[in-house]
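Student: Below are the sequence and a predicted model for it; my questions follow.
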Amino acid sequence: MAVNDPVQTETPVLTVTPAAVSTIRTLLEQRQIPNHALRVFVSGGGCSGMQYGMAFEENPQEFDRVVETDGVRLIVDPTSLMYLEGAIIDFVDSLMGGGFRIDNPNAVSSCGCGHSFRTADGESGGAEGCGTCSH
C-alpha cells in the first residue's frame, strides 16, 4: 500500500458485545466444551418471516465465516451472513426476561420477542407482532 492510498476499513461481519462474550464463555465452560464455537444462523419461520438461531459446534464447515472476539468464536454460514452482516450480538439480563439480542441493520421490522425479523426484500411470515410467537 502506498503512503497516499486511503485506509480501507471493513465493516465487521458481526460485533459481539462484552456481555455476550462473557455469557458465551460461561456457557462453554458450564457445558465443558471450551473448544467449541457458537454458530449463529438465520432460517425461515418465526412470526416475522425469518428467525435467528444459535448452536454450539466444534468446527466450522467449508465456506463458513469465523468471527473471533476476546477468545470466543462465532461461526456464520454464507447464506445467514447475507442477513446478519453488520449485526451486533448482545446479551441482556433483565427482570422482564433476558437472553441474546441481535441488533440487525438488515431487518426492517422485528417481532417483539427479538427472535424473528423481516428484511426489505423478504416477505412477512404472515403474522405481525408476537401473537403467534413461541418465544
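Tutor: Done, it's in. Quick caveat: nothing in here was measured; it's all calculated off a predicted structure. Residues are numbered from 1 along each chain as shown.

Student: beta partners for the closest residue in space to Val16 that isn't next to it in sequence?
Tutor: Excluding the flanking residues, the one nearest Val16 by CB to CB, 6 or more residues apart in numbering is Thr69, at 4.4 Å. Glycine gets a C-beta too; all of them are placed from N, C-alpha and C. Beta-bridge pairing for Thr69 (DSSP bridges): Val72.

Student: Please apply the same query to Val92.
Tutor: Gly99.

Student: so what's it up against?
Tutor: Going by CB atoms under 8 Å, 6 or more residues apart in numbering, Val92 touches 19, 98-101.

Student: Could you list the low-pLDDT ranges of this protein?
Tutor: Scanning the chain for pLDDT under 70 picks out the ranges 1-12, 46-48, 108-135.

Student: That one: strands as residue ranges?
Tutor: Assigned by DSSP state E, the chain shows strands spanning 14-16, 37-44, 50-57, 65-69, 72-76, 87-92, 99-103, 107-110, 116-119.

Student: I'd like the distance between Val92 and Ala20.
Tutor: Distance of Val92 to Ala20, given as CB to CB, to the nearest Å: 9 Å.

Student: any residues in contact with both of those two?
Tutor: Each of Phe100 lies in contact with both Val92 and Ala20 under the rule CB under 8 Å, 6+ apart.

Student: and the strands of the chain as TSV, adding distance to Gln30?
Tutor: Converted to TSV, those look like this (distance: least, CB to CB, whole Å):
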stretch	distance to Gln30
strand 14-16	18
strand 37-44	13
strand 50-57	11
strand 65-69	19
strand 72-76	14
strand 87-92	14
strand 99-103	15
strand 107-110	29
strand 116-119	27
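
Student: what about those, which gets the closest to Arg25?
Tutor: Arg25 lies closest to strand 72-76 among the strands of the chain, at 5.7 Å (CB to CB).
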